[in-house]
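S.K.: Got a predicted model here, sequence first, then my questions.
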Amino acid sequence: MNALEILAAEERRGPVPRVRTFPLPAEWGVTLHLLDESVHPTGSLKHRTVRAMFRHALRTGRIREGTTIVEATGGNAAVAEAYFARLLGLPFVAVMPRRSSFEKIERIEQYGGTCRLVHPPLAIYDEARRIAEECGGHYMDYLANGSRAVAAEEGGDVGRVLFDLVTPEWVVVGAGSGVTSTAIGREISRRGLGTRLAVADPENSAYFPGWALGIDDYATGMPSRIEGIGRPRMEPGFTASLVDLVVPVPDAASIAGMRILQEVAGVCAGPSTGTALWAAFHLVAKMRRERRPGAIGMLICDDGALYKNTYYSEAWLDSKGLDPLPWVGAFRRFLETAKLPLTLEHL
């Protein structure tokens, strides 16, 4: 069995996509659908994108037998790349900031990957390129190449999966590399749907100000505190023209969203899903004010179990100066009144 056949077999063995429903009051006439992307073997929606990247790199000859795979991240994308590298019998190196947590290193190493820790954090990109050149390997570059690889897929990207199951008025997603929002936006266009696309953006990220100002290369130079989404610059994989709305979301509200998902819907998800929930609730409130029934779709981006020592830890939140409790109260009041504050001052 060749490498492409191995990837195809892995995809066929994968979980059947399923949609959960968040329990909003029935009298509102609004349904909130949650496509669960945490069910993949590596626990996040990055699994689907990374498979596409490996397939694209194999077809274009960038990956061959024995090629060392290199990536500059320690997040869910690196975990998925380590998984697929092991599946294909290839060495994998993740170049990560020196202060990366033990849990991140352990997740990559459990799939046979090697972690190289460097400082300062922004040096990971140049170091990944250097390692790939030195060993004749392939630098995957998730941020730059993910969207291109997904666009080359004939099926199976998250946009096609979502719209095969539901056709909502709005879809809400976060943006890290921009791969997911672009895949969904392209699928809306391909199918000629009236669905609109909203991006939920955390503090410090460049996407909201860049989109609002119409500046495609906008940069804040500041890191996001919400893992998996938000960037200090607008990445090439993000296609602003496909996005109808970008909603800025306070970081503490993202944490509160995680808690409400678990409390009300029984879903243990990561912080980027909490970010999307806050934005989705604002759209629900808008539809409720307009007395317009309909549906909204969003993703469960990854498994909350991955964050038990961070976003689910009170001590960790205190160390970051994040207090989600006022925002938890805002979420709860929303479920009674269909009203949300815009800022902490409005709580």
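M.R.: Right, received. Where do you want to start?

S.K.: now the lengthiest helix in the chain: how far from the chain's centre is it?
M.R.: Looking across the chain with DSSP state H, the single longest helix is helix 271-289. Between the centre of helix 271-289 and the centre of its chain there are 16 Å (C-alpha atoms, centre = their mean, to the nearest Å).

S.K.: can you pull out the strands in the stretch 151-300 of the chain?
M.R.: Assigned by DSSP state E, counting those that start in this stretch, the stretch 151-300 of the chain shows strands spanning 170-174, 196-202, 245-249, 294-300.

S.K.: Would you mark the buried spots in the longest helix of the chain?
M.R.: 271-285, 287-288 (16 or more other C-beta atoms under 10 Å). The way it works is simple: take the backbone N, C-alpha and C, and place the C-beta from them, glycine included.

S.K.: ok, now stretch 155-172?
M.R.: Under 16+ other C-beta under 10 Å, the buried positions of stretch 155-172 are 156-163, 166-172.

S.K.: Show me which pair in these is furthest apart.
M.R.: The span of those, defined through C-beta to C-beta, is set by Gly156 and Glu169 at 24.5 Å.

S.K.: re the thing from before, which of the strands of the stretch 151-300 of the chain is buried the deepest?
M.R.: Among the strands of the stretch 151-300 of the chain, ranked by average contacts under mean count of other C-beta atoms under 10 Å, first place goes to strand 170-174 (a mean of 30).

S.K.: So, low pLDDT: which residues of the stretch 201-347 of the chain?
M.R.: Across the stretch 201-347 of the chain, the ranges flagged by pLDDT under 70 are 342-347.

S.K.: Run through the helices of it in chain order.
M.R.: Secondary structure of the stretch 201-347 of the chain (DSSP state H, counting those that start in this stretch): helices at 207-213, 251-260, 271-289, 314-319, 325-337.

S.K.: and Thr73, that's in a helix?
M.R.: No - Thr73: not assigned to a helix; according to DSSP: H, G, I helix; E, B strand; the rest coil it is coil.

S.K.: quick one: the residue nearest to it when sequence neighbours are not counted from Gly159, how far?
M.R.: What sits nearest to Thr73 in space, not counting adjacent residues and going by C-beta to C-beta, 6 or more residues apart in numbering, is Tyr142, at 6.3 Å. Counting by C-beta to C-beta, to the nearest Å, the separation of Tyr142 from Gly159 is 18 Å.

S.K.: With Ala280 instead?
M.R.: Plainly put, Ala280 is 17 Å away from Gly159 if you go by C-beta to C-beta.

S.K.: And for Ala240?
M.R.: For Ala240 relative to Gly159 (C-beta to C-beta), the value is 17 Å.

S.K.: burial count for the closest residue to Arg160 other than its chain neighbours?
M.R.: Once flanking residues are discounted, Arg160 sits nearest to Glu187: 5.7 Å by C-beta to C-beta, 6+ apart. Number of residues near Glu187 (other C-beta atoms under 10 Å) recorded here: 22.

S.K.: give the contact list for Glu187.
M.R.: Contact analysis of Glu187 by C-beta atoms under 8 Å, 6 or more residues apart in numbering lists 157, 159-160, 162-163.

S.K.: do the same with Ala252
M.R.: Neighbours of Ala252 in contact, by C-beta under 8 Å, 6+ apart: 322-324, 326-327, 344.

S.K.: Give me the buried entries from the residues you listed.
M.R.: Burial by neighbour count, judged by 16+ other C-beta under 10 Å, picks out 322, 324, 327 from the contacts of Ala252.

S.K.: The first one contacts Ala256, correct?
M.R.: It refers to Leu322. No - Leu322 lies out of contact with Ala256 (C-beta atoms under 8 Å); the separation is 9.7 Å.

S.K.: about what we covered before: which of the contacts of Glu187 sits closest to Tyr83?
M.R.: Comparing the contacts of Glu187 against Tyr83 with C-beta to C-beta places Asp157 closest, at 18.3 Å.

S.K.: Now for the closest one: which residues touch it?
M.R.: For Asp157, the contacting residues are 48-49, 52, 150, 183, 187, by C-beta under 8 Å, 6+ apart.

S.K.: what about it, distance to Arg332?
M.R.: Taking C-beta to C-beta as the measure, Asp157 falls 35 Å from Arg332.

S.K.: circling back to that earlier point, angle of the longest helix of the chain against strand 245-249?
M.R.: Following axes from the mean of the first three to the mean of the last three C-alpha atoms, to 10 degrees, one obtains 120 degrees for the angle between helix 271-289 and strand 245-249.
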